[in-house]
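> Dropping the sequence and predicted coords here.
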2 protein chains.
Amino acid sequence: MDRPSDTPRGQQDSRPRVPRATVVRLPQYLRFLRDAEAAENHYLSGARIAAALKIEPAQVRKDLAVTGIASRPGVGFCASELIYAIELYLGWNNTTDAFLVGAGHLGAALAGYAGFQRYGLNIVAVFDLDDHKVGRKLCGKPVHPFDQIAAKAQEMHVHMGIITVPSGAAQDVADVLVLAGIRAIWNFTPVELDVPPNIVVEKTDLAASLAVLSRRLADALRPSR
Amino acid sequence: MDRPSDTPRGQQDSRPRVPRATVVRLPQYLRFLRDAEAAENHYLSGARIAAALKIEPAQVRKDLAVTGIASRPGVGFCASELIYAIELYLGWNNTTDAFLVGAGHLGAALAGYAGFQRYGLNIVAVFDLDDHKVGRKLCGKPVHPFDQIAAKAQEMHVHMGIITVPSGAAQDVADVLVLAGIRAIWNFTPVELDVPPNIVVEKTDLAASLAVLSRRLADALRPSR
């Protein structure tokens, strides 16, 4: 969750490197702009966006510069233009189909999370190693046997895999996903996956967030205050 | 998810500031050390820990220094000593009781996640605004009406609240949690919560992780490679 944003290793790229922190903030801008559009606010100054999102105005300018859209003097940013540019930048203008492996509670939460559609993510199929779960539906998505994943990936042209299996199975699942042609893995297990350098991995480790929160709560509750 | 680690504002602290990235890595060390202990490996060199976790040895030394435990020449770190020190540092030696607000899929995933117990987190009660969910159990935890939260917080001496409600309700829930005496909030909604400065907030925004993954996948799939 905390690695810097890299362009994939070995890839030449003439564009300036965009900090991970900027990419992380883009969904915030997107949500704000969509709400503004819905409320018929079609033009917004950088200062207004900054105030609403509690981000420094200079940072807002820097962040939004990656989209190539500039604020117009006296008018501000055109919301629809900026929405389109952010979606394009994140690849969210086209839907990305994804497989989810692991039909447990977290898998169900993600499979049932309607919000992903707003971010261009569509979980098209769920896989599980447990025969008892196969054939059932998880939040409306069919659960397939795990050994069908390579065939389904080819058939459905899927490039992204989401791993929500127990830690002990995570590396094996990643290996199979890579063999099946998956290029991007969203890893919800705490395991540091070993994958070829051309595979993109993003880890969401709940324990890491909890560690930060626990430590800060311990500080806040210290009697010495 | 990406803010720097702060000691709470207004608090004087003579200890050196520990980087958020270090705190985020501590659960990784803890998992590795617990597994090592279970496998009867009671002493481990910094180099071995570094290799296993794919972290630079110099970084491992820096990270583990926050616990106050040093590696012994020719012997390495004592696993049990280091486990205890990390748990103590994170406040995971004592169980933290938490309330969870929002009995949807994500709430169920978190309420049912047995792994939290290893991190000293115990979700003692679930609350929901929806009367239909009240009185039922969510992964074995009773679901209470939301308006009982202040009474229950006092009764059960709970300091942490986890918010998994829809975005539109997040700020209202946070306000009630603060009034109820909650000191730390784990926010799973994308909303930037407005809370008093003495309240600790950690946000886990799935859209932020997805943005990074989507962008890197788009780069990886570009035909120009």
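Everything's here; your move. Numbers count the residues shown, from 1 in each chain, chains lettered A, B, ... in the order given.
> Now do the strands in chain A.
For chain A, the strands defined by DSSP state E occupy A:43-44, A:77-78, A:96-101, A:121-128, A:137-138, A:141-145, A:160-163, A:184-187, A:200-203.
> Of those, which stretch is the most buried?
strand A:160-163 (a mean of 26; mean count of other C-beta atoms under 10 Å in any protein chain shown). Every C-beta, even on glycine, is put in place using the N, C-alpha and C of the backbone.
> Let's have the strands of chain A in CSV, adding mean pLDDT and distance to B:L100.
As requested, these are exported to CSV (pLDDT from 0 to 100; distance: least, C-beta to C-beta, whole Å):
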stretch, mean pLDDT, distance to B:L100
strand A:43-44, 95, 35
strand A:77-78, 94, 38
strand A:96-101, 93, 23
strand A:121-128, 93, 24
strand A:137-138, 84, 21
strand A:141-145, 91, 25
strand A:160-163, 96, 23
strand A:184-187, 95, 23
strand A:200-203, 93, 23
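> Throw these into JSON lines and include distance to B:V23, thanks.
Output for the strands of chain A, formatted as JSON lines (distance: least, C-beta to C-beta, whole Å):
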{"stretch": "strand A:43-44", "distance to B:V23": "36"}
{"stretch": "strand A:77-78", "distance to B:V23": "36"}
{"stretch": "strand A:96-101", "distance to B:V23": "29"}
{"stretch": "strand A:121-128", "distance to B:V23": "29"}
{"stretch": "strand A:137-138", "distance to B:V23": "34"}
{"stretch": "strand A:141-145", "distance to B:V23": "35"}
{"stretch": "strand A:160-163", "distance to B:V23": "24"}
{"stretch": "strand A:184-187", "distance to B:V23": "20"}
{"stretch": "strand A:200-203", "distance to B:V23": "16"}
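> And those: which comes nearest B:L138?
Ranking those by proximity to B:L138 (C-beta to C-beta) places strand A:137-138 first, at 17.2 Å.
> Each with direction, which strands does the closest one pair with?
strand A:141-145 (antiparallel) (DSSP bridges).
> who touches the partner strand?
Defining contact as C-beta atoms under 8 Å, 6 or more residues apart in numbering or on different chains, one finds that strand A:141-145 is touched by A:100, A:103, A:111, A:123-128, A:131, A:133-137, A:152.
> same deal with stretch A:84-92?
A:23, A:26-27, A:29-30, A:33, A:66-69, A:93, A:119-120, B:211, B:214-215, B:217-218.
> let's go with 6 Å and repeat that
In this structure, residues lying in contact with stretch A:84-92 by C-beta atoms under 6 Å, 6 or more residues apart in numbering or on different chains are A:26, A:30, A:67, A:69, A:93, A:119-120, B:211, B:214-215, B:218.
> average pLDDT across it?
In this model, stretch A:84-92 has a mean pLDDT of 90.
> care to break chain A down by domain?
A:20-90, A:96-209 (automatic domain parsing).
> Could you say which of these is packed most deeply?
domain A:96-209 (a mean of 19).
> Centre of the chain to it, how far?
Its chain's C-alpha centre and that of domain A:96-209 lie 13 Å apart, by C-alpha atoms, centre = their mean, to the nearest Å.
> what's the span of that domain, first residue to last?
Using C-alpha to C-alpha, to the nearest Å, the end-to-end distance of domain A:96-209 comes to 27 Å.
> Stretch A:84-102 now?
Terminal-residue distance, stretch A:84-102 (C-alpha to C-alpha): 33 Å.
> who are the neighbours in contact with the nearest residue to A:L213 once chain neighbours are set aside?
Spatial nearest neighbour of A:L213, excluding adjacent residues (C-beta to C-beta, 6 or more residues apart in numbering or on different chains): B:E202 at 3.9 Å. B:E202 sits next to A:209, A:212-213, B:186 when contact means C-beta under 6 Å, 6+ apart.
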